[in-house]
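predicted coordinates and the sequence they were generated for:
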Amino acid sequence: MSGAIGRLASRLYLDRPAIRAWMLYDWANSAMYVVIVTAIFPTYFSSVAAAGLPPVKATSLYSLATTVGLTIIAVLSPILGAIADHSAAKKRLLGAFLAFGAAAVAAMFFIEQGQWVFAAGLFILANIGVNGSFVFYDSLLPHVAAPGEMDQVSTAGYALGYLGGGLFLVACLGIILAPGVLGLPHGPGLTPEAATLPTRITFVLTALWWAGFSIPLFRRVPEPPGRLLDAEEARLGAVRASFRRLGHTFRKLRGYRQAFLLLLAFLIYNDGVGTIIRMAAIYGEEIGIGRTTMIGAIALVQFVGVPFAYLFGGLAKKVGTRPAIFVGLVTYVGISALGYLMRTDRDFIMLAVLVGMVQGGVQALSRSLFASMVPRHLSGEFFGFFAVFEKFAGILGPAFFWLAITLTGSSRMALLSVVGFFVVGGLILARVDVAEGQRIAREEELAAA
């Protein structure tokens, strides 16, 4: 039996302490993502923090807060990545952003009715924290996984994240729907503070889950060595040298044309992915989907995502990483069109299943494909660029929602237009020569050795 368990652990890439610890950060941060970004906080923002405002106005304000937070971290990401590469501080910087974001999430406990400015401010800070940590988390992937297994390790991390996020969201849903079981206030006649207490408690638990399950990464994943400074960089100092190196890396992008094309494609199609993730719950709230249905459906996304993230890793091994991404993009085109037509709770559940089937695969394979096309000794800087493109992708979709609502007073046309992101991104991805990009990256590694 132990042999069978060992073989299963090896197949799931859970047999090495460093990889297990790295994957656990997906388990940890997924709780924050499903509760704060995707499921519970968006509806809390609309119904409590923005109480008294028209639902479409609440959606607009939420979109604007998302845009502001992601713009800030998009500007910071390449600078942080460059500094991390020079100073061997990936884990320390990850920890700093984790602590910053978790504190903002815990402070959401104090959001009361009508305090949408306070709520939006904390949401911006939480977004900066979690997305800033991803710069350093993603840059550790080439250091814990061998080149030939990065697709599988990346998708396995997403699968573990889906499982953790799903279990945690179900637990939070239980607290909200049955507070009396835990001795919390329940029933009619409650004050606003008492009525919202179960939901606000889930925010504190989210911060604790995120921080607590991150500890193995700091204990088990070795800190990659920093890149040695040359004489000129040593004279400038680490921070100024990081800015200098950042400019140098921008100029060197001409030598990494395939990686740059991939980043451009990712910027566009991931905008569609991020928009659907971030706007689903508050869009559902706006058009009248039941809140329990929405949270339950988003939990379903997590559980559907577990096997399908692994299946996408296997599909990439058989047909190639890029073709597997294309499968996900075609599915997303259908999701966007169906979302425009969505009217009932059943429609929302059906779309949740479809999203769960492709969401983790597209994002994980994009991450691992990029990792295979950049030199490992520059992973921090290059994943800083990756994070910039990822965050700007998150900016454009919510910003478009905000603009569309401002101009038309409706979110439906904005949702339908997301199809364009998948089509254009897919066309650019088709031009990427993966083998050429990987060859250049390996040559750079040999030259730097």
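Nice, thanks for sending it over.

now do His377 against Ala371, distance only.
From His377 over to Ala371 the distance is 13 Å, taken as CB to CB, to the nearest Å. Backbone N, C-alpha and C define where each C-beta goes, glycine included.

of these two, who's got more company?
Ala371 (24 against 19; other CB atoms under 10 Å).

and that one, what element?
Using DSSP states H and E, Ala371 maps to helix 345-372.

do the same with Leu415
helix 412-416.

centre of the chain to that helix, how far?
Relative to the chain's own centre, helix 412-416 is displaced by 22 Å; criterion: CA atoms, centre = their mean, to the nearest Å.

please apply the same query to stretch 348-361.
Distance, stretch centre to chain centre, for stretch 348-361: 15 Å (CA atoms, centre = their mean).

which residues are contacting it?
155, 158-159, 161-162, 273, 276-277, 280, 284, 289, 293-294, 296-298, 300-305, 308-309, 311-313, 315, 324-325, 327-328, 331-332, 334-335, 338-339, 342 (CB atoms under 8 Å, 6 or more residues apart in numbering).

run through the helices of the stretch 301-449 of the chain in chain order.
With DSSP state H, counting those that start in this stretch as the definition, the stretch 301-449 of the chain shows helices at residue ranges 321-341, 345-372, 379-408, 412-416, 418-429, 434-448.

next: the stretch 1-150 of the chain.
Under DSSP H, counting those that start in this stretch, the stretch 1-150 of the chain gives helices at 2-11, 17-32, 40-44, 55-87, 90-107, 116-139, 141-144, 150-177.

okay, now the unreliable bits of the stretch 251-400 of the chain?
252-254, 379-381, 383-394 (pLDDT under 70).

what about 90?
Applying pLDDT under 90 to the stretch 251-400 of the chain flags residues 251-264, 266-268, 270-318, 320, 335-400.

on that earlier part again, in CSV: the helices of the stretch 1-150 of the chain, plus mean neighbour count, mean pLDDT and distance to Leu261.
Below are the helices of the stretch 1-150 of the chain laid out as CSV (neighbours: other CB atoms under 10 Å; pLDDT from 0 to 100; distance: least, CB to CB, whole Å):
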stretch, mean neighbour count, mean pLDDT, distance to Leu261
helix 2-11, 10, 54, 33
helix 17-32, 23, 91, 27
helix 40-44, 25, 93, 34
helix 55-87, 22, 80, 18
helix 90-107, 20, 94, 26
helix 116-139, 23, 92, 19
helix 141-144, 22, 82, 20
helix 150-177, 23, 85, 19
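
among those helices, which comes closest to Thr408?
helix 55-87 (9.8 Å; CB to CB).

which elements pack onto the closest one?
Other helices and strands packing on helix 55-87, by 3 or more CB pairs under 8 Å, 6 or more residues apart in numbering; DSSP states H and E, are helix 90-107, helix 116-139, helix 238-252, helix 257-287, helix 379-408.

need the three-state assignment for the residue in the chain sticking out farthest from the centre.
In the chain, the residue that sits farthest from the middle, by CA atoms, centre = their mean, is Gly189; the gap is 38.9 Å. What DSSP: H, G, I helix; E, B strand; the rest coil gives for Gly189 is coil.

give me phi/psi at it?
The phi/psi pair for Gly189 (degrees, to the nearest 10) reads phi 80, psi 10.

ok, it to Ala195 distance?
Per CB to CB, Gly189 is found 9 Å from Ala195.

mean confidence score for stretch 415-428?
Average pLDDT, stretch 415-428: 87.

test my guess that Gly274 contacts Gly397.
Yes. Gly274 lies in contact with Gly397 (CB atoms under 8 Å); the separation is 5.6 Å.

who's more crowded, these two?
Per other CB under 10 Å, whichever of Gly274 and Gly397 has more neighbours is Gly397, with 28 against 25.

what's the closest non-adjacent residue to that one?
Nearest residue to Gly397, sequence neighbours excluded (CB to CB, 6 or more residues apart in numbering): Thr275, at 2.9 Å.

likewise Leu24?
Here the residue nearest Leu24, using CB to CB, 6+ apart, is Pro216, at 5.0 Å.

just Val304 next, same as before
Gly356 (3.0 Å).

and the one you found, how many residues sit next to it?
Gly356, neighbours per other CB under 10 Å, totals 24.

for Val204, see how far away it is.
From Gly356 to Val204 the distance is 27 Å (CB to CB).

just Ala99 next, same as before
15 Å.

again, but for Leu315
39 Å.

compare those two (neighbour count), which wins?
Neighbour count, other CB under 10 Å: between Leu315 and Val204, Leu315 has more, with 21 against 14.

wait, the more buried one touches Ile325, no?
No. Contact criterion CB under 8 Å: Leu315 and Ile325 do not qualify, at 9.8 Å.

nearest to Tyr44, of the helices and strands packed on helix 55-87?
Closest among those, once you apply CB to CB, is helix 116-139, at 7.9 Å.

output the contacting helices and strands for that closest one.
So helix 116-139, by 3+ CB pairs under 8 Å, 6+ apart, packs with helix 17-32, helix 55-87, helix 90-107, helix 379-408.

angle of it against helix 257-287?
Calculated by axes from the mean of the first three to the mean of the last three CA atoms, to 10 degrees, helix 116-139 forms an angle of 150 degrees with helix 257-287.
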